[in-house]
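Asker: how would this look folded up:
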Amino acid sequence: MFGIPGKQAVTITPKAAAQIAKLMAKDGHAGLRIGVKKGGCAGMEYTMEYVSEPSANDEVVEQDGARILIAPMAQMFLFGTEIDYEVTLLESGFKFNNPNVADACGCGESISFKELPGA
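Answerer: Residues are numbered from 1 along each chain as shown. You can find the predicted model right below:
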């Protein structure tokens, strides 16, 4: 596990927790796994997928009935991130307020990360 003992890897806003709990209950999912993968115009993209059970190395964050599982390879990139859920006239979706991001493309879907200590 990457991070500070006793501190959650990510935080979830009340709106995001309500949406995640709603999605989990809809089809009986055990949680929502988030990660990162190479891709997009800035170099990396967030990933999200439903899971039926946590993997042994997932970091588990539970809040207000919501369960986020952080894939092992993404833990260092997501530490300190706040996950929010926004609804606007044109779109709705999860937003990642990530202090580790150095740059993002115009659409906000693709990011690049600051160099991490010891990396």
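
Asker: how far away is Asn13 from Ile20?
Answerer: Small correction: residue 13 is Thr, not Asn. 10 Å (CB to CB, to the nearest Å). To be clear about C-beta, it is placed using only N, CA and C from the backbone, and glycine gets the same treatment.

Asker: which residues do those two both contact?
Answerer: Residues touching both Thr13 and Ile20 (CB atoms under 8 Å, 6 or more residues apart in numbering): Tyr85.

Asker: which one of those two has more residues nearby?
Answerer: When Thr13 and Ile20 are compared for neighbours, Ile20 comes out ahead with 24 against 18, by other CB atoms under 10 Å.

Asker: pLDDT wise, what is that one at?
Answerer: Reported pLDDT at Ile20 in the predicted model: 93.

Asker: and it, what element?
Answerer: helix 14-27 (DSSP states H and E).

Asker: which strands and helices lie in contact with that helix?
Answerer: Here helix 14-27 touches strand 31-38, strand 66-70, strand 81-87, going by 3 or more CB pairs under 8 Å, 6 or more residues apart in numbering; DSSP states H and E.

Asker: just the angle between that helix and strand 81-87, please?
Answerer: Taking axes from the mean of the first three to the mean of the last three CA atoms, to 10 degrees, helix 14-27 and strand 81-87 form an angle of 80 degrees between their directions.

Asker: could I have helix 14-27 exported to PDB, CA atoms only?
Answerer: The C-alpha trace of helix 14-27 is given here as PDB (Å, rounded to 0.1, in the frame of the first residue of the first chain):
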ATOM      1  CA  PRO A  14     -21.300  13.100  -0.500                       C
ATOM      2  CA  LYS A  15     -22.600  13.500  -4.100                       C
ATOM      3  CA  ALA A  16     -20.100  10.900  -5.400                       C
ATOM      4  CA  ALA A  17     -20.800   8.500  -2.500                       C
ATOM      5  CA  ALA A  18     -24.500   8.700  -3.200                       C
ATOM      6  CA  GLN A  19     -24.000   8.000  -6.900                       C
ATOM      7  CA  ILE A  20     -21.500   5.100  -6.300                       C
ATOM      8  CA  ALA A  21     -23.900   3.500  -3.700                       C
ATOM      9  CA  LYS A  22     -26.800   3.800  -6.100                       C
ATOM     10  CA  LEU A  23     -24.700   2.100  -8.900                       C
ATOM     11  CA  MET A  24     -23.600  -0.600  -6.500                       C
ATOM     12  CA  ALA A  25     -27.100  -1.400  -5.400                       C
ATOM     13  CA  LYS A  26     -28.600  -1.400  -8.900                       C
ATOM     14  CA  ASP A  27     -26.800  -4.600 -10.000                       C
END
